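1. Below is the structure, and that's it, no one-letter string:
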């Protein structure tokens, strides 16, 4: 069933006929979940995500290790040279000796160390660069990726070519492209069907290793005032 919620400017509101059955896409006029039209099957869809260099976390960790190891090395060398240990190491040794394991500060320090360690493990085990979508590899020695923003812009430009589309907003995710369009004329079901076909072809043209599913929602512009 299609519903017209009103239009802007001098566009005249047209009567809407009730539909006895849903369209073959299996959804109502404006927006609903449905199985997207299939995109072209791509070969070599096993490409994984790009791995981030993690320069900032690695640099911070290397700096902390360097400062800590340098401080301990200097203090050990000073003790070997028959000089007194530095105050911070004597204070740290005394605190570790006197404080029980269930002390609040000991538990807090252990918790912080565990969180930082878990964070470093996650960074080491995950690829990162979630905004870069891997593309199909046509040559063994060449690997390319497409930024999500660029993919969303390309799909938005394709959607604006469909007759009746006034504005489009595209949100590109790793596994799905959410498209919300506003149509100021034509039947909403017809606009959505054209958007399905156009965007499915556009997704295939992006050359992604794992083409995302397509979700299209079409509505009328709201009233002003």
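-> Perfect, I can see it now. What you are looking at is a predicted structure, and each value in this text was computed from that prediction instead of being measured.

2. Break the chain into its domains for me.
-> 55-125, 133-219 (automatic domain parsing).

3. so which of the ones you listed gets nearest residue 49?
-> When the domains of the chain are compared by CB to CB, domain 133-219 sits nearest residue 49, at 6.0 Å. (Each C-beta comes from the backbone N, C-alpha and C, glycine too.)

4. if you compare the domains of the chain, which one is most tucked away?
-> With neighbours defined as mean count of other CB atoms under 10 Å, the domains of the chain peak in mean count at domain 133-219, which reaches a mean of 18.

5. what pLDDT, on average, does it get?
-> Mean pLDDT, computed over domain 133-219, is 91.

6. Can you get me the start-to-end distance on that domain?
-> 29 Å (CA to CA, to the nearest Å).

7. looking at the chain, which residue lies furthest from center?
-> Among the C-alpha atoms of the chain, the one farthest from their average position, using CA atoms, centre = their mean, is that of residue 82, at 57.6 Å.

8. Reformat the domains of the chain as JSON lines; add distance to residue 48.
-> Conversion of the domains of the chain to JSON lines gives the following (distance: least, CB to CB, whole Å):
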{"stretch": "domain 55-125", "distance to residue 48": "13"}
{"stretch": "domain 133-219", "distance to residue 48": "7"}
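
9. can you give me the helices in the chain?
-> Ranges of helices within the chain are 55-80, 87-98, 104-125, 148-160, 188-205, based on DSSP state H.

10. For residue 167, which of these is the nearest?
-> Distance to residue 167, taken as CB to CB, is lowest for helix 148-160 among the helices of the chain, at 8.2 Å.

11. I would like the residues contacting the closest one, please.
-> Residues from elsewhere that reach helix 148-160 (CB atoms under 8 Å, 6 or more residues apart in numbering): 131-133, 165, 168-173, 177, 179, 181, 195, 198-199, 201-203, 206, 208.

12. Cheers, nothing more for now.
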